[in-house]
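*Asks:* the following block contains a protein sequence and its predicted model.
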Amino acid sequence: IPQDPSNQKCGRKKTVSFSSMPSEKKISSASDCISFMQAGCELKKVRPNSRIYNRFFTLDPDLQALRWEPSKKDLDKAKLDISAIKEIRLGKNTETFRNNGLADQISEDCALSVIHGENYESLDLVANSADVANIWVSGLRYLVSRSKQPLDLMESSHDTPRFAWLKTVFDAADVDGNGIMLEDTSVELIKKLNPTLKESKIRLKFKEIQKSKEKLTTRVTKEEFCEAFSELCTRPEVYFLLVQISKNKEYLDANDLMLFLEAEQGVTHITEEMCLDIIRRYELSEEGRLKGFLAIDGFTQYLLSPECDIFDPEHKKIVQDMTQPLSHYYINASHNTYLIEDQLRGPADINGYVRALKMSCRSIELDVCDGPDNEPIICNRNNMTSPLAFRNVIEVINKLAFFASEYPLILCLGNHCSVQQQKVAVQHMKRIFGNKLYTEAPLSSEAYLPSPEKLKMKIIVKGKKLPCDQDILEGEVTDEDEEAEISRRLSEDFTREPKLVWLCRELSDLVSLCKSVQYKDFETSMKFQNYWEICSFSEAEASRIANEYPEDFVNYNKKFLSRVYPSAMRIDSSNLNPQDFWNCGCQIVAMNYQTPGPMMDLHTGWFLQNGGCGYVLRPSVMRDEVSYFSANTKGIVPGVSPQVLHVKIISGQNFPKPKGACAKGDVIDPYVCIEIHGIPADCTEQRTKTVQQNSDNPIFDESFEFQINLPELAMIRFVVLDDDYIGDEFIGQYTIPLECLQPGYRHIPLRSFVGDIMEHVTLFVHIAITNRSGGGKAQKRSLSVRIGKKAREYTMLRNTGLKTIDDIFKLAVHPLREATDMRENMQNAMVSVKELCGLPPMASLKQCILTLSSRLVSSDNAPSVTLCMKDAFPYLEPLGAVPDVQKKVLAAYDLV
C-alpha cells in the first residue's frame with residue numbers, strides 16, 4: 001500500500017545500539033582508557049585475504065605491548081610493542097580495509113588500524129561499537145606519544161589542569177575551610193557550573209560515590225566533588241576529540257587550537273593571537289587563561305558557543321547580488337496571511353500579518369470586501385464573524401513592512417469590494433503608505449523587472465488592471481484566479497466562463513509591476529506576456545506543468561514572476577512542498593504560515609540564507625538566457641560541479657520528551673534522520689541506529705555520505721525522533737541550506753515543532769563537503785587507471801541549428817575536454833595522496849600536509865625532505881635515503 005511519505009518513518013531498518021560503556025562508567029581521562037585496555041575486550045582482526053577473526057586484545061600491565069589470543073604464534077609473537085607503533089588511524093583507511101570484500105559491511109566508525117614497523121604495516125581491527133574504537137585509539141595514541149618520554153607516564157588524573165581548577169572552585173565555596181561540604185551545597189555548585197544537568201542525576205551520582213566508599217555521612221570531600229563533576233560533566237566524545245587534536249595531551253595550547261581551526265573547522269586567516277583570545281574567553285581556570293591552554297570544560301563550552309554554530313555567519317548578512325531582475329529571486333511568501341487557523345472557518349486575525357512580516361515575509365495577501373459604514377474590511381469570506389478594518393491592517397503593514405527586511409514588499413490584493421469602497425481603500429493606501437507605494441508605469445523599452453536593490457523600501461500592489469488603451473473610470477475584469485478556481489471546483493460545471501468583477505480606475509492605477517493575468521500556455525505567454533504581468537497557478541496546475549514541461553517552466557520563470565498557491569482541498573491549511581516548485585524556478589510559493597511541520601521547516605530554513613531578507617537568488621542555471629535546465633534531470637547537472645556531503649552524527653544533548661507523548665515516562669529512545677531536499681535526483685534520507693533510554697547525551701557515532709548534484713538548491717534537515725513513542729515521536733529538528741553549512745565539528749541548535757529554538761538541546765555532528773571524485777569509495781587503483789579515460793563525463797554541446805553560433809561554440813569542445821581531464825587528474829592524484837597518508841576521502845589537502853609533515857621528521861627531529869620551488873610549484877626533495885613507504889607518498893604529492 002503506498003503510504004503518505006510525510007508520515008513514513010525513515011527508510012532504513014530499525015537497529016538498536018546498547019552503549020558498550022561498562023556499567024555507565026564514563027571515560028573522562030587517559031587513565032580511564034588505559035584501565036579499559038588493560039582489562040581487555042574482543043576485537044575483530046581483519047586480514048588482507050578478506051578473512052576476519054575474533055581475538056581478545058589486552059594491554060600489558062607495564063604498558064609496553066599489545067597482546068591478543070588465541071593465536072597460532074608463540075605468546076611472545078602474538079604481541080605488538082608500543083615502541084614499534086608509528087600511528088593509529090580511526091576509520092577504514094588502509095589498503096587492507098579498502099581491498100577487503102567485506103569492508104562494506106564494516107562501520108567506518110568502528111574500524112581502527114595500528115600502523116607499525118619501518119614498512120608501515122597495519123594491524124586492522126574492528127570494535128563492537130564506536131565507543132570502544134575511540135577508547136583504543138585515544139589510549140594507544142596517548143601511550144605512543146608518552147613512550148617517547150620517561151616512564152612515570154601514568155600521571156594521576158588528579159594532577160591535571162582540570163582538577164587544579166575544580167579544587168579552587170571547591171575551596172572558594174568551602175567557607176569554613178574544613179575540606180568538606182554539605183551535599184546540598186555541592187549539588188548547587190555543580191548545577192551552577194553545568195546548568196543543563198538535572199538535580200536528581202547529580203544527587204544520584206553522590207549516592208553512588210558514597211556507596212562505593214561505604215560511607216555513612218552525606219558530607220562531600222574535595223576529591224568526591226571532583227570525581228562527581230568529572231563523571232557528570234565529561235562528554236566522552238569531546239574528550240576523545242580533545243586528545244586527538246592535542247597530540248594526546250589533556251588540554252589544547254594555542255598551536256593545537258590553530259591547527260584544529262584551520263584543518264578541521266575550515267577557518268582561514270587564523271593567528272596565534274586569535275587562538276589565545278578564544279582560550280581567554282572560554283577556559284574556566286585562571287591558570288589556563290594565564291598560560292594559554294584550554295582544558296576539556298573550556299573546550300566543551302567553546303564547541304557549544306555560537307562561534308561553532310553549524311550556520312555560516314557570513315550568510316547572516318546579505319551576501320547575494322541584489323541587482324538582478326526581481327524574477328531571478330525566490331521570494332518569501334504567505335498564503336491568506338490574515339488566517340491563523342483553517343481556511344474554512346478560521347477567523348481573520350491581525351496577528352497573521354504581524355507574524356509574517358516579522359519573519360521577513362515579502363509577499364502577503366489581503367482579501368478585501370465591503371464593510372459597514374462605507375469602510376472596507378478584510379475577512380475570511382467563509383466566516384464573516386470577525387472582520388478586520390482594512391485601514392487598521394494597512395497601518396500595521398506600514399509599521400512592520402520593512403521591520404525585518406528593506407527589500408520590496410508585494411501586496412496581493414483580492415478585490416471583492418464595490419467600486420465605492422474600492423475608492424476608500426485606495427485613499428487609505430495612498431494616505432498611509434505615502435511614497436512607499438510603487439506606482440511608476442513600467443517601461444516597455446526594458447525586458448526585465450527592476451531589481452530588489454532598486455525597489456528597496458517600496459510596496460508593490462499585485463492585482464487586476466483596466467486596459468490602458470480605454471479611457472474609462474471603471475470596467476469589468478475577471479475575478480482573481482484563486483477565487484475563480486475554488487468556485488469552479490465547488491460547481492459541477494468546469495467549463496463555466498470566469499466571473500467578472502467591477503474595478504475602478506484609481507485601484508487599477510496602483511498596480512504597476514505585478515499586473516495579474518490568466519495563464520493559457522507557454523507559447524502564448526512567451527509571445528504576448530509583458531514582463532510586468534504575473535500569473536498565479538494552483539498547486540495542481542503548477543504540479544502538472546512541472547511534470548509535463550519542466551524546461552519550459554524554468555525558461556518562463558527567467559523573465560516572469562509566477563505565484564503558486566495551495567490547493568483548495570487543503571481546507572485544514574496544510575502546506576504544499578515548496579521545493580517542488582522552487583525546482584522549476586517559481587518565485588512566489590505561498591505558504592500557510594500558521595501550520596508548522598516539515599514543509600514550513602523547509603520554507604523557514606531556506607529563507608535563513610542571504611541575511612534572512614526574504615529574497616534568495618536562484619541558481620545561475622535558472623537565470624542564464626542560454627542555459628537549459630530541467631529539475632527532473634537524473635544525475636549531473638550540466639555546468640554544475642556535484643559535491644559529496646559527509647555527515648557524522650556524533651551525539652545528542654538534553655533531548656526533551658516529545659511534546660504530545662501523553663502516557664509516557666521521561667525515558668526516550670532517540671534516533672536521528674537526515675533528509676536531503678533538492679532536485680529529485682538529490683532527495684534521499686537515512687537514519688542512525690536507536691540509542692536505548694538516553695536523553696541526556698546519547699552517542700550515535702555514525703557516518704553518512706550523500707551525492708548532491710545541484711548544491712545551490714539542496715537543503716539538509718536533521719530530525720530527532722523517539723523510537724519508543726506513544727502518540728508523538730517528534731523531539732526536534734533543524735533545516736539548513738547546504739550553502740550555509742560550516743565544515744568541521746559543529747553543534748546544531750534543535751528547534752521545536754513550532755519552530756522555536758530549544759535551550760541547550762543540540763546535536764553534535766561533523767560535516768565535510770568534497771567534490772565528486774574526492775569522496776566516495778576509492779576504486780582499486782589498477783582498475784581505476786584502466787577505465788579512467790572511458791568513464792569520464794565530458795560536457796557535451798548541443799547544436800542549435802544556427803550555423804554561425806554552432807561554428808563558434810565548436811571551438812570550445814577541445815578546451816572543455818582539456819579542463820575536464822585536468823580536473824579529473826588532479827582529483828585522482830588527490831585520492832592517492834589521501835590513501836597513502838591514511839586519511840579518509842573527505843580529508844582536506846591541509847590535513848594531508850599535516851600528516852605528511854609528522855612522518856617526514858626523523859627520530860632525532862631532523863627533517864628528511866626540503867621544500868623547494870620548481871616551475872612555480874612547491875616540490876618536496878628528499879635529503880638522503882627515504883624509506884619506500886615515504887617514497888610512494890612523495891611521488892603521489894609530486895603528481896598533485
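*Replies:* Looks like it came in fine. Since this is a predicted model, take the numbers as computed values, not measurements.
*Asks:* contacting residues around residue 334?
*Replies:* Taking C-beta atoms under 8 Å, 6 or more residues apart in numbering, we find residue 334 in contact with 352, 356, 361, 363-365, 590-593. Backbone N, C-alpha and C define where each C-beta goes, glycine included.
*Asks:* that one and residue 708, how far apart?
*Replies:* Using C-beta to C-beta, to the nearest Å, residue 334 is found at 29 Å from residue 708.
*Asks:* residue 318 too?
*Replies:* Noted for residue 318: a distance of 24 Å to residue 708, by C-beta to C-beta.
*Asks:* now do residue 127
*Replies:* 31 Å.
*Asks:* over to residue 596?
*Replies:* 27 Å.
*Asks:* the two: which is more packed in?
*Replies:* A count of neighbours by other C-beta atoms under 10 Å puts residue 708 above the other of residue 596 and residue 708, at 23 against 17.
*Asks:* what does the model give the more buried one for pLDDT?
*Replies:* For residue 708, the pLDDT comes out at 93.
*Asks:* that one touches residue 647, doesn't it?
*Replies:* No: in this structure residue 708 lies outside contact range of residue 647 using C-beta atoms under 8 Å: 11.5 Å.
*Asks:* please, where are all the helices along the stretch 701-850 of the chain?
*Replies:* Assigned by DSSP state H, counting those that start in this stretch, the stretch 701-850 of the chain shows helices spanning 781-791, 803-810, 813-836, 845-855.
*Asks:* residue 761 is nearest to which of the ones you listed?
*Replies:* Closest approach to residue 761 among the helices of the stretch 701-850 of the chain (C-beta to C-beta): helix 845-855, 31.0 Å.
*Asks:* what angle sits between that closest one and helix 813-836?
*Replies:* 40 degrees (axes from the mean of the first three to the mean of the last three C-alpha atoms, to 10 degrees).
*Asks:* can you list the buried residues in whichever helix or strand comes after helix 845-855?
*Replies:* Counting by DSSP states H and E, the next helix or strand C-terminal to helix 845-855 is strand 865-870. Buried residues in strand 865-870, defined by neighbour count with 16 or more other C-beta atoms under 10 Å: residue 865.
*Asks:* could you dump the helices of the stretch 701-850 of the chain into CSV and include mean pLDDT, distance to residue 677 and mean neighbour count?
*Replies:* Below are the helices of the stretch 701-850 of the chain laid out as CSV (pLDDT from 0 to 100; distance: least, C-beta to C-beta, whole Å; neighbours: other C-beta atoms under 10 Å):
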stretch, mean pLDDT, distance to residue 677, mean neighbour count
helix 781-791, 36, 29, 11
helix 803-810, 85, 34, 11
helix 813-836, 85, 27, 16
helix 845-855, 81, 30, 16
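*Asks:* with distance to residue 280 as new columns, can these be given to me in CSV?
*Replies:* CSV is the format used below for the helices of the stretch 701-850 of the chain (distance: least, C-beta to C-beta, whole Å):
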stretch, distance to residue 280
helix 781-791, 48
helix 803-810, 59
helix 813-836, 36
helix 845-855, 25
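*Asks:* looking at these, which is nearest to residue 545?
*Replies:* Among these, helix 803-810 comes nearest to residue 545, with 28.7 Å by C-beta to C-beta.
*Asks:* what angle separates that closest one from helix 813-836?
*Replies:* Angle of helix 803-810 versus helix 813-836, following the same axes, to 10 degrees, is 30 degrees.
*Asks:* list the contacts of the closest residue to residue 499 other than its chain neighbours.
*Replies:* Closest residue to residue 499 apart from its sequence neighbours, by C-beta to C-beta, 6 or more residues apart in numbering: residue 479 at 4.3 Å. By C-beta under 8 Å, 6+ apart, the contact set of residue 479 is 498-501.
*Asks:* can you map out the strands along the stretch 351-500 of the chain?
*Replies:* Under the criterion DSSP state E, counting those that start in this stretch, the stretch 351-500 of the chain contains strands at 363-369, 377-380, 383-389, 409-416, 459-463, 474-478, 500-504.
*Asks:* would you format the ones you listed as a markdown table with mean neighbour count and distance to residue 277 included?
*Replies:* Listed next are the strands of the stretch 351-500 of the chain as a markdown table, based on neighbours: other C-beta atoms under 10 Å; distance: least, C-beta to C-beta, whole Å:
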| stretch | mean neighbour count | distance to residue 277 |
| --- | --- | --- |
| strand 363-369 | 23 | 43 |
| strand 377-380 | 22 | 53 |
| strand 383-389 | 15 | 52 |
| strand 409-416 | 23 | 41 |
| strand 459-463 | 23 | 45 |
| strand 474-478 | 15 | 64 |
| strand 500-504 | 17 | 63 |
